[in-house]
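S.K.: Can you look at this prediction? I've put the sequence above it.
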Amino acid sequence: MPRDTGDTLEVSIWRGGQDGAYQSYSVPSRDSQTVLDVVTYVQRYIDPTLTYRFACRVGMCGSCAMTVNGRPRWTCRTHVSKVSKGGNLKIAPLSNLPVIKDLAADMRPFFEKWQEAKGVFEPTKTRHDPVEAIRPNEPARVAADEGIECINCGVCYAGCDTVRWNADYLGPAALNRAWTLMNDRRDSGQSQRLAAISTDGGCHACHSHQSCQEFCPQSLNPTGSIAQLKRLATKAYLRGEIGS
Amino acid sequence: MNVRLYVWQRGTAALMAPLVLIHLAVMFYATRQGLTAADILGRTRGSIAWALFYGTFVAASAIHAGIGVRGILVEWAPIRPRAAELTAIVFGLLLCALGIRAVYAVVSG
């Protein structure tokens, strides 16, 4: 176990549902301590009723995202030393999503919009067909690769101004996913997907504030993906391939 | 904003960009040359070219601003999207009416 530094962190954690409140806890400070470590300490040693969500603890599963000192972050890879302000931490569930309890946000709207954006791969072949060879340096594959490492943590969605203002907006993650599939020539659902992301809550609602790019723990650029989708959808609309 | 409104808003913006530059150039010319209101009206009255120029400007700005106001109302005002849409349409029509009235005033007669 990393050694105690001898200092104490003053941690405010959101407790309750949508109309809950912050509650303060004192947590021993340790070397290389992550925000997830702090939350885990509170649950194990101070209040076992604290609810939060995590799985892999190594930045792969995308389940531990929370709001830390006002900014959405993946907590398992966020070191306390980099984000605490004078030994203070304020931890809340992700914004722009309903609160289930304490630090657990309801991710259903996030994933429902992922579905609305037709973020599901629609195969053109069956398992009996040979695997299609795609060179890694094909332009479309390169474009898809730039957005493919999304772990669906919801950080971009929680940090997006447009999501906050427009309940219908599909959000950066869903649109980024749609863009990666638009560049996959094995996929057969491209025209339906293009129609889905051209509606009122689609890619054209994005204001290009670039918060998603700023907050993405994977250093992806959903704003860039959305800009490309706008271009693609606009061309398709002008050619009469999709309605509005 | 859907793709149709996006195309109309960007299209009208692209149309207005050169019109704004020409409008500014005309303003500079008029002030530099010391033209009076009577001089200006003497050139614009009965001119189909100026009527078309400013008529296009009015139509483009009414559409552009109407779509922009719709977006602001949808995101910021505590009203339903349909109400925001109707308010924006009324706003656009009002802009259009005021603009046409102004254009008519300088080209008629």
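M.R.: That came through fine.

S.K.: From the centroid of chain A, which residue is nearest?
M.R.: What sits nearest the mean C-alpha location of chain A, by C-alpha atoms, centre = their mean, is residue A:154, with 2.3 Å.

S.K.: mind checking pLDDT for that one?
M.R.: Per-residue confidence (pLDDT) for residue A:154: 97.

S.K.: Could you export the longest strand seen in chain A as PDB, CA atoms only?
M.R.: What stands out as the longest strand in chain A, according to DSSP state E, is strand A:4-15. This file holds the C-alpha atoms of strand A:4-15, laid out as PDB (Å, rounded to 0.1, in the frame of the first residue of the first chain):
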ATOM      1  CA  ASP A   4       0.500   7.900   4.100                       C
ATOM      2  CA  THR A   5       1.900  11.400   3.600                       C
ATOM      3  CA  GLY A   6       0.600  12.400   7.000                       C
ATOM      4  CA  ASP A   7      -1.700  15.000   5.500                       C
ATOM      5  CA  THR A   8      -5.500  14.900   5.400                       C
ATOM      6  CA  LEU A   9      -7.700  15.500   2.400                       C
ATOM      7  CA  GLU A  10     -11.000  17.300   3.000                       C
ATOM      8  CA  VAL A  11     -13.400  15.700   0.600                       C
ATOM      9  CA  SER A  12     -17.000  16.800  -0.200                       C
ATOM     10  CA  ILE A  13     -19.000  14.100  -1.800                       C
ATOM     11  CA  TRP A  14     -22.500  14.400  -3.200                       C
ATOM     12  CA  ARG A  15     -24.900  12.200  -1.200                       C
END
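
S.K.: Paired strands for that strand, with orientation please.
M.R.: Using DSSP bridges, the strands paired with strand A:4-15 are strand A:21-30 (antiparallel), strand A:88-92 (parallel).

S.K.: Give the buried residues for that strand.
M.R.: A:9, A:11-15 (16 or more other C-beta atoms under 10 Å in any protein chain shown). Where you see a C-beta, it was placed from the backbone N, CA and C, and this is true even at glycine.

S.K.: again with stretch A:63-78
M.R.: Those would be A:63-69, A:71-76, A:78, for stretch A:63-78 by 16+ other C-beta under 10 Å.

S.K.: Using CSV, list the CA coordinates for that stretch.
M.R.: The C-alpha trace of stretch A:63-78 is given here as CSV (Å, rounded to 0.1, in the frame of the first residue of the first chain):
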residue,chain,number,x,y,z
SER,A,63,-17.5,3.3,-15.6
CYS,A,64,-15.9,5.5,-12.9
ALA,A,65,-16.3,9.0,-14.4
MET,A,66,-17.4,11.6,-11.9
THR,A,67,-17.3,15.4,-11.6
VAL,A,68,-14.2,16.3,-9.7
ASN,A,69,-13.8,19.9,-8.5
GLY,A,70,-16.3,21.0,-11.2
ARG,A,71,-14.8,19.1,-14.1
PRO,A,72,-15.8,15.7,-15.5
ARG,A,73,-13.0,13.2,-15.2
TRP,A,74,-12.2,9.4,-15.1
THR,A,75,-11.5,9.0,-11.5
CYS,A,76,-9.3,5.9,-11.7
ARG,A,77,-6.7,7.7,-13.7
THR,A,78,-6.9,11.0,-12.0
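
S.K.: what's in contact with that stretch?
M.R.: A:34-36, A:39, A:52-59, A:62, A:83-85, A:88-95, A:103, A:153-156, A:158-159, A:215, A:217 (C-beta atoms under 8 Å, 6 or more residues apart in numbering or on different chains).

S.K.: follow-up on the earlier one: report the two of the buried residues of stretch A:63-78 separated the most.
M.R.: A:63 and A:69 (20.2 Å; C-beta to C-beta).
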